[in-house]
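In: The following block contains a protein sequence and its predicted model.
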Amino acid sequence: MNNTLETDVLIIGGGPGGAAAAMFLLRQGITPVILEGEDFPRFHIGESLTGESAQVLRRLGLEDEMVRREYPIKHGVKVYGSTAVNSWYVKVSSRDADWNLYDNITWQVRRSDFDEMMQKEAIKRGAKLMKGTATKAMREEDGAVTGVQVRWPDGSHGEIRAKVTLDCSGQATFLANQKVTGPKYVGSYDKQVAFFTHVKGAIRDTGTSGPDAKDNTLILYHHKFHWAWFIPVDKETVSVGMVTPRADFLAKKQTPEEFFRSDIYSINPELKRRLPTLEFSEKVHVVPNYSYQVRGFTGKGFICIGDSHRFIDPIFSFGVTVTMREAELAAPLIRSFLDGKLDDHENPFREHEIACEKGIDNLEDMIDLFWEQPFAFATFVHSRYTEEMTDAFAGRIYESEHQPSNAIMAFRKLLKRTRTYDDDIYSVPIGSRYHPERAPLWEPESPVETTEAWIKKGSGVEKNGEAVHAS
Ligand SMILES: Cc1cc2nc3c(=O)[nH]c(=O)nc-3n(C[C@H](O)[C@H](O)[C@H](O)COP(=O)(O)OP(=O)(O)OC[C@H]3O[C@@H](n4cnc5c(N)ncnc54)[C@H](O)[C@@H]3O)c2cc1C
């Protein structure tokens with residue numbers, strides 16, 4: 001193995017964020033190196049795509065491939081109230097060049113298959129994939145990132161030097177753990193734990209479009225912060241997950257699978273109806289501590305993309321959208337930077353960081369309002385801000401997409417929240433579920449860092465716990 005390699009752009013992580021980044025960079029005439037530690041295909045959570053995820057895939061010329069793979073078609077999201085008597089629905093939509101709204105579809109994906117397809121496509125188009133794990137960020141005296149040290153699969157070590165390093169490492173948050181970025185804060189949503197698996201024999205709707213389309217995403221509400229999802233991932237298989245308060249799991253001292261089996265039926269009567277049996281085709285995976293925010297996630301020589309700097313809550317399936325869209329936004333900036341057209345003083349990517357923060361802040365306001373005031377939220381969806389809500393659910397969250405909309409501004413009012421970006425771009429409002437004064441700093445060495453350690457320490461299921469981190 002050649003021990004030192006040089007490239008213009010290094011991408012750490014070959015998931016959808018890294019693969020999309022590679023494809024958008026190639027369009028800018030940049031041939032990146034992707035460094036990926038895992039063998040693909042590998043299991044990953046994050047199976048429901050929003051309308052804007054589908055638009056990114058269309059812009060990447062991948063629509064035909066998505067159709068060829070017969071991924072289930074998602075027309076919208078249906079949310080059931082706790083007794084399942086009431087539900088509300090948001091359709092998938094897009095905007096045309098004149099900003100007219102039209103109905104559209106997106107896809108549900110089995111991530112092992114989708115991620116492998118994305119990675120292969122990036123390689124086919126010219127990206128160079130290297131199997132290995134980034135172990136240490138290399139920096140100059142002024143803090144600029146110049147690449148990473150790598151552990152190759154044969155155990156030897158090397159270096160990849162790069163003018164720009166893109167952190168697409170997902171929840172592993174490589175550059176944050178290396179303390180290259182600002183601090184990482186634990187969000188309040190970390191009090192929940194997600195348990196999920198794939199189930200055969202689940203009962204779907206039978207429609208071909210609209211609220212009763214057979215492969216829509218279903219969200220099943222139980223109590224505040226306690227819910228389940230139902231996402232068809234192929235003709236026979238449905239991804240079923242439940243998000244529960246951490247304390248409930250710890251109190252029961254069960255393995256993740258025992259806990260899943262014992263609790264899934266009590267979440268919502270509609271979910272119970274749809275799961276006549278519990279035939280798993282995947283083990284029960286667990287992800288705790290998924291909510292965090294990293295400050296200062298761009299700087300000299302680096303940009304963090306998607307989950308590698310922020311994740312709030314999986315309720316409305318925004319993860320893949322955010323990571324692919326941030327990759328798309330970053331690519332032309334990297335081109336300008338390499339061409340010497342960006343001001344290189346403090347941080348050439350500061351404007352990008354602000355744009356990304358503003359986008360995710362809009363999502364945070366939406367998610368917070370859903371949890372804090374679900375009835376007001378449902379009213380907004382139904383009648384008051386129908387178009388604006390359709391935009392937000394589709395993942396049109398950036399300033400160039402008319403955000404924050406009247407709906408988001410109304411959420412902020414109800415949440416008693418003001419967002420400012422003048423002096424400190426991290427406008428953390430009073431009342432936010434994420435707040436540095438309340439949220440503890442993430443300690444990379446802490447035992448909650450890995451799912452396995454957390455399960456072992458917290459639940460007493462050391463021997464039987466089959467927990468696997470979803471990164
Ligand atoms: C419970 C739950 C449910 C979710 N549901 C949805 C959903 O329905 N829809 C949705 O869009 N999103 C969902 N998400 C979010 C989604 O999983 C992520 O946002 C998405 O996978 C991020 O993609 P990524 O490419 O940035 O990171 P990842 O997909 O995590 O990829 C990161 C890659 O980096 C590699 N890597 C990490 N560290 C290193 C290293 N040091 N060296 C080399 N390689 C490294 C990893 O092996 C991995 O392949 C959910 C998240 C959770 C927790």
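Out: Good, I have the coordinates. Numbering: from 1, shown residues only.
In: Kindly list the longest helix within the protein.
Out: Secondary structure of the chain read by DSSP state H shows that its longest helix is helix 350-372.
In: for that one, packing partners?
Out: Where contact means 3 or more Cβ pairs under 8 Å, 6 or more residues apart in numbering; DSSP states H and E, helix 350-372 is packed against strand 298-299, helix 319-338, helix 374-379, helix 386-394, helix 406-414. Heads up, the C-betas are built off the backbone N, CA and C, glycines and all.
In: closest point of the stretch 101-250 of the chain to the ligand, which residue?
Out: When scored by Cβ to the nearest ligand atom, the stretch 101-250 of the chain has Gly170 as its residue closest to the ligand, at 2.3 Å.
In: ok, now how distant is that residue from Leu10?
Out: Distance from Gly170 to Leu10, counting by Cβ to Cβ, to the nearest Å: 16 Å.
In: And His198, by the same measure?
Out: Following Cβ to Cβ, the distance that separates His198 from Leu10 is 34 Å.
In: more crowded one of those two?
Out: Set His198 next to Leu10 and count neighbours by other Cβ atoms under 10 Å: Leu10 wins out with 28 against 24.
In: which residues are contacting whichever strand or helix holds that one?
Out: If you go by DSSP states H and E, Leu10 is part of strand 4-12. By Cβ atoms under 8 Å, 6 or more residues apart in numbering, the residues outside strand 4-12 that reach it are 18, 21-22, 25, 30-35, 127-128, 130, 134, 147-148, 158-169, 174-175, 334, 338.
In: low pLDDT regions in the stretch 351-471 of the chain?
Out: The stretch 351-471 of the chain contains residues with pLDDT under 70 at 423-424, 426-471.
In: if we go to 90?
Out: Filtered on pLDDT under 90, the stretch 351-471 of the chain yields the residue ranges 372, 382, 415-471.
In: now the longest helix of the chain, how far from the chain's geometric center?
Out: Offset of helix 350-372 from its chain centre (Cα atoms, centre = their mean, to the nearest Å): 13 Å.
In: and the end-to-end length of stretch 43-56?
Out: 22 Å (Cα to Cα, to the nearest Å).
In: ok so, going back, format the helices and strands packed on helix 350-372 as a markdown table; extra columns: distance to Arg111 and mean neighbour count.
Out: Below are the helices and strands packed on helix 350-372 laid out as a markdown table (distance: least, Cβ to Cβ, whole Å; neighbours: other Cβ atoms under 10 Å):
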| stretch | distance to Arg111 | mean neighbour count |
| --- | --- | --- |
| strand 298-299 | 27 | 24 |
| helix 319-338 | 9 | 23 |
| helix 374-379 | 28 | 15 |
| helix 386-394 | 20 | 21 |
| helix 406-414 | 29 | 19 |
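In: tell me which parts of the chain are close to the ligand?
Out: 12-18, 35-38, 44-49, 133-134, 168-172, 174, 194, 241, 287, 290, 306-307, 314, 317, 319-321, 323, 471 (Cβ under 6 Å from any ligand atom).
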